[in-house]
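S.K.: Provided below are the primary sequence and the corresponding predicted coordinates.
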Amino acid sequence: MVRLPVRRQGIGFRLSMPNWTAISANDLKAAGYGSILDRAQTKAVGGTDPVVFAISSAVARVRRAVQAANALDVDPTKVPVSLEALTVRMAFYGLCERIGFPLTEDQRDTKRNDNSDLNRIADRKVRVEPADNPDANAGPVNPGMWNSERKIIGRTHPIPAPGVQYPSGDSGYANPDAPTDATS
């Protein structure tokens, strides 16, 4: 039985759910990937558990995308709850690649959509829920100004017409101090 922390609020009680969660091998098993986990561990060579490696790689990739505009949780094994299923699928795809198990067309489409979602988060088009225990030293990589215009060349809006920029005098030229035109 899972016991959730309860927070008193007013007269009643409200369950307090964390915003970030750690991913484990049990999460992959609960998602129906138990046979892939067993096969990957059976084919494992060396001292590294392929399941732990796949999970840590998926978590690192999700955290890297999230860090572009969001504060990370202090615990390096946690990801936002809204990206939990995506992280589990990424670990599954890593295990399938490791053991040479082909993905179905639906799984390939889902993988493309997951990558697109991560790119949107990294491009700061989507924000995720705040960290439960934010790391003050690992805030957003470049918080910047959201939806700001690039400032390569300073301009005013709207751009003034040429006659307003430098009114022409009797000479009819925009720059009366310029040398006169010569014909040869």
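M.R.: Structure's in. What do you need?
S.K.: quick one: buried residues of the helix or strand where Thr87 lies?
M.R.: Thr87 is part of helix 84-99 when elements are defined by DSSP states H and E. The neighbour-count criterion (16 or more other CB atoms under 10 Å) identifies 84, 86-96, 98 as the buried residues of helix 84-99. Every C-beta, even on glycine, is put in place using the N, C-alpha and C of the backbone.
S.K.: on the three-state scheme, the nearest residue to Leu118 once chain neighbours are set aside is what?
M.R.: By the measure of CB to CB, 6 or more residues apart in numbering, the closest residue to Leu118 outside its immediate chain neighbours is Ala65, 4.3 Å from it. Remark: Ala65 carries the secondary structure label helix [criterion: DSSP: H, G, I helix; E, B strand; the rest coil].
S.K.: tell me how far Ala65 lies from Val45.
M.R.: Ala65 sits at a distance of 30 Å from Val45 (criterion: CB to CB, to the nearest Å).
S.K.: and for Asp114?
M.R.: As defined by CB to CB, Asp114 lies at a distance of 28 Å from Val45.
S.K.: comparing the two, which residue is more hemmed in?
M.R.: For Asp114 and Val45, the more surrounded residue by other CB atoms under 10 Å is Asp114, and the numbers stand at 19 against 6.
S.K.: any idea how far that one lies from Arg89?
M.R.: According to CB to CB, Asp114 stands 6 Å off from Arg89.
S.K.: then Val59?
M.R.: Between Val59 and Arg89 the distance is 13 Å, computed by CB to CB.
S.K.: next one: Gln41
M.R.: Looking at Gln41 against Arg89, where the rule is CB to CB, the gap reads 19 Å.
S.K.: now swap in Val126 and tell me
M.R.: 17 Å.
S.K.: same question, Arg108
M.R.: Counting by CB to CB, the gap from Arg108 to Arg89 is 12 Å.
S.K.: by mean pLDDT, flag the weakest helix or strand of this protein.
M.R.: Every helix and strand in the chain was compared by mean pLDDT, DSSP states H and E; the lowest is strand 6-9, with a mean of 48.
S.K.: okay, strands next: where are they in this structure?
M.R.: With DSSP state E as the criterion, the chain has strands at 6-9, 12-15, 20-22, 78-80.
S.K.: pretty sure Asn70 contacts Ala131?
M.R.: Yes. Under the criterion of CB atoms under 8 Å, Asn70 is in contact with Ala131, at a separation of 7.4 Å.
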